[in-house]
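# coordinates for the following, if possible.
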Amino acid sequence: MTRPLVALALAMACSPAWAQPKAEQVTMTLDQFLAMYEAGKTRPKDKPVAPRSFAVSSSRYAGDVVFEDGEPVSATFTARMTVENLLDNGGWIRVPLLPASVAVRSARIGGQEAPMALEGGQYMLITDRKGSFEVVIDFAVAVTTSEGRSGFSFLLNGSGATEVELGVPGSEDLDFTVANAKLTQARQVGGRRVVTAVLPSSGSLSVSWQREIPEAEKQDPRVYAEVHTLVGVGEGLMTARATLQETILFAGIDTVQAQIPDGMTVLDVRGAGLRDWTLSDDGTLTALLNYAAEGSYQLTVDMERVVGEGGSLEVPLLQPLGVERSKGWVGVQALGTLELTAGDTQGAAAVDVRTLPASIVGVTDQPVLLGFKYLGGATSIPLNAMEHDEVDVLVTLLDQAEATTMFTQDGRRLTSVRYQVRNNRRQFLRLDLPDGAELWSASVAGRAVQPASSQSGELLVPLVRSQSAGGALAAFEVQLVYVETGEGPSAAGTGTFEASLPSADAPATWVGWTVYAPWKAKVDKLKHRDGSLRPVAGLSRPAQASQMLQIESQNQAYQQAAQSQIAGGALGQGAAPVEVSLPVDGQPLHFEKLLALDERLWVTFDYKKLK
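Below you'll find the model as predicted:
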């Protein structure tokens, strides 16, 4: 029995009868009651740990742009950030506030200097202040100006709410851009233009603005122009790229105008700080800039026009408007098989193409055939275009054709032919199989295909397009397997083997053929042989063919393209054919030929002792 219970029992025994408790009551001292109460209280559960040590609930940036000599050089900000220490009973926290790309002048918490340190490219606040508190930071960021537009940008650290207010001295209207802003307002406050914006919780603070172009106070601008034109003449189309280079004196200009040649269609207009461009009905091109260009400015105009076949053409010349003086250079190139000659020019002189500016000869891979220069005024440069007939060239070539034939004692012949093909745009490889041959399988680029048959009985094997490899077309493999029924040996065991290979509609640079005769047959290796292929001790396999095979095997991009064409049905539809492998057994006899054109490829030899 514990001591409190013993004391309770003694007290009840010594007390008078009237003071003894009833059966349903318990009497104890105050100290005993308090001890029992404290022992019976439920202990509270442990407080959950915060998921992070701090939180930045809001960030507000208020700044002004500082000018020197009339140009913005920096923006000074006062940032107020509300930080909360989430650790129990406080504790040391490290809070990244600003990137190291800005210049911090001071940081305060409750009027006292805040402990800051540079860590990992960030200004880091290090404090053990409890609860929620405000950090006030004064800092500056550099302002850059380019092509009439000023601005700045720096990374923001995440906060619950981010607001920015920026004032720019001046009374004129400003076009503000605040990247990723969800709400932007601009207003005039006293002698400042002020923009306010609400930003997402993370990202960067990127603000830019541009001023209205001031009126020229002293004198009007004077502009001198030079036009560099590259003209291309092809089959049914004339193209022109005109680069307008203007030299601007005394004052800036915000508009560039030029007259487009008759019949030319403007495709594109490019220039630094180009806000917009328009083309009037009379062919006047007006380019609007978002700043006052001073010193020099360059505008590029791409044009084209449909022309007839051959005949006389006129070089399209862009005419600058609103300039004191203009001059130009012209280069002419042929796009195709046209032959171009110059007619009788007016206001222009022919020059060596090597003297043309780099803005003409440096923007094309085609040779520039004709060159001219001119000086303002009325200029006419006629061209005579003569069209010549194109000569057909090879679009499909067999780098090599290697055949293997095995004939059995009863005269049957099983042949496999492998072609290394380079194909540019042909759909089929046309093959004329030997009389009586039965096709067993065909494959292209390692995949079985379904050939077709032409009305004249030719075999049509669908091809893929070769891919480029090192400036050349990579070869892929086409394989055929077919069987023929021939005459067997006589009763005396003698006979004649005569066979031919399929005739292709593309030339082959090398043909190799290996015939496997039965082991029992005796073949005269020097006599009684004939055919269009010469007998050799072993196949030579030209180096060029081996090189193309290596390119094909290493060209993974080509393999993927071939698989796409196969999957898309480009190599035939229907049931998937069975790919046949050729069993090889017997004594090999080798034949080969260089440069097989449109001719029959055949061999014959006598044998004996085959019973």
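# the bottom helix or strand of this structure by mean pLDDT?
Every helix and strand in the chain was compared by mean pLDDT, DSSP states H and E; the lowest is helix 543-554, with a mean of 43.
# ok, what's across the strand from A385?
G311, L340 (DSSP bridges).
# ok, now L230?
Under DSSP bridges, the beta-bridge partners of L230 are R241, G331.
# for A452, same thing?
L460.
# now do the contacts for it.
Contact analysis of A452 by CB atoms under 8 Å, 6 or more residues apart in numbering lists F428, L459, L460, P462, G572. For the C-beta atoms, the positions are set from N, CA and C on the backbone; glycine is no exception.
# also A225?
L244, Q245, E246, T247, P320, V323, R325, S326, K327.
# now the helices for this structure?
Using DSSP state H, the helices of the chain run over residues 3-14, 30-40, 358-361, 543-554, 556-567.
# hang on, the earlier thing: name the nearest of the contacts of A452 relative to G411.
L459 (23.3 Å; CB to CB).
# now do the buried residues in stretch 508-525.
In terms of neighbour count (16 or more other CB atoms under 10 Å), stretch 508-525 has its buried residues at 508-518, 521, 523.
# same question but for stretch 482-491, I mixed them up
Y482, E484, G486, P489.
# so where's the stretch 251-400 of the chain uncertain?
309-311, 390, 392-394 (pLDDT under 70).
# according to the record, where do the domains of this protein fall?
As assigned by automatic domain parsing, the chain contains the domains 3-40, 54-211, 222-387, 396-608.
# go through these and find the least confident stretch.
Mean pLDDT per stretch puts domain 3-40 lowest among these, at a mean of 62.
# which of the buried residues of stretch 508-525 lies closest to R60?
T509 (78.0 Å).
# Y419 is in contact with the closest one, correct?
No: assessed by CB atoms under 8 Å, T509 is found out of contact with Y419, at 11.3 Å.
# shared neighbours, these two?
Jointly contacting T509 and Y419 under the rule CB under 8 Å, 6+ apart are L398, Q400.
# now the buried residues of stretch 482-491 in a markdown table, with distance to L289?
A markdown table is the format used below for the buried residues of stretch 482-491 (distance: CB to CB, whole Å):
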| residue | distance to L289 |
| --- | --- |
| Y482 | 72 |
| E484 | 79 |
| G486 | 84 |
| P489 | 93 |
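# and those, which of them are in strands?
Y482, E484 (DSSP state E).
# quick one: which of the buried residues of stretch 482-491 is nearest I260?
Y482 (64.6 Å).
# how close does the closest one get to D435?
Distance, Y482 to D435, using CB to CB, to the nearest Å: 12 Å.
# now swap in R465 and tell me
To D435, R465 is 32 Å away according to CB to CB.
# more crowded one of these two?
R465 (16 against 7; other CB atoms under 10 Å).
# leaving out chain neighbours, which residue sits closest to the more buried one?
Nearest non-adjacent residue to R465, counting by CB to CB, 6 or more residues apart in numbering: N423, 6.1 Å away.
# any idea how many residues pack against that neighbour?
Neighbours of N423 using other CB under 10 Å come to 22.
# beta partners of it?
T396.
# that one: what's it in contact with?
N423 neighbours (CB under 8 Å, 6+ apart): V395, T396, L429, L463, V464, R465, S466, L473, F476.
# 7 Å - rerun?
N423 sits next to T396, L463, R465, S466 when contact means CB atoms under 7 Å, 6 or more residues apart in numbering.
# quick check: the first one touching A506?
To tie it back to what came earlier, the one meant is T396. Yes: counting by CB atoms under 7 Å, A506 is a contact partner of T396 at 4.5 Å.
# for burial, what's the neighbour tally of the closest residue in space to P221 that isn't next to it in sequence?
Nearest residue to P221 in three dimensions, chain neighbours excluded: A251, at 4.2 Å (CB to CB, 6+ apart). A251 has 16 neighbours, counted by other CB under 10 Å.
# angles on the backbone of D88, please.
Backbone torsions of D88, given as degrees, to the nearest 10, read phi -60, psi 130.
# now P367. Nearest residue, chain neighbours left out?
Q333 (6.6 Å).
# identify the farthest-apart pair in the contacts of A452.
L459 and G572 (12.2 Å).
# who touches both of the two?
P451.
# look at the two and report which has more neighbours.
L459 (21 against 18).
# who touches that one in this structure?
So L459 contacts L431, L433, L439, P451, S453 (CB under 7 Å, 6+ apart).
# give me the beta-bridge partners of the third one?
Translated: L439. Partner residues in beta bridges with L439, using DSSP bridges, are Y482.
# ok, now which ones touch it?
Contacts of L439 by CB under 7 Å, 6+ apart are L433, L459, L480, Y482.
# closest one of the residues you listed to V104?
Nearest to V104 among the contacts of L439, with distances taken as CB to CB, is L480, at 78.5 Å.
# tell me, how many residues neighbour that closest one?
Counted with other CB under 10 Å, L480 comes out at 25.
# right, and it touches A442 too?
Yes: counting by CB under 7 Å, L480 touches A442, with 5.4 Å between them.
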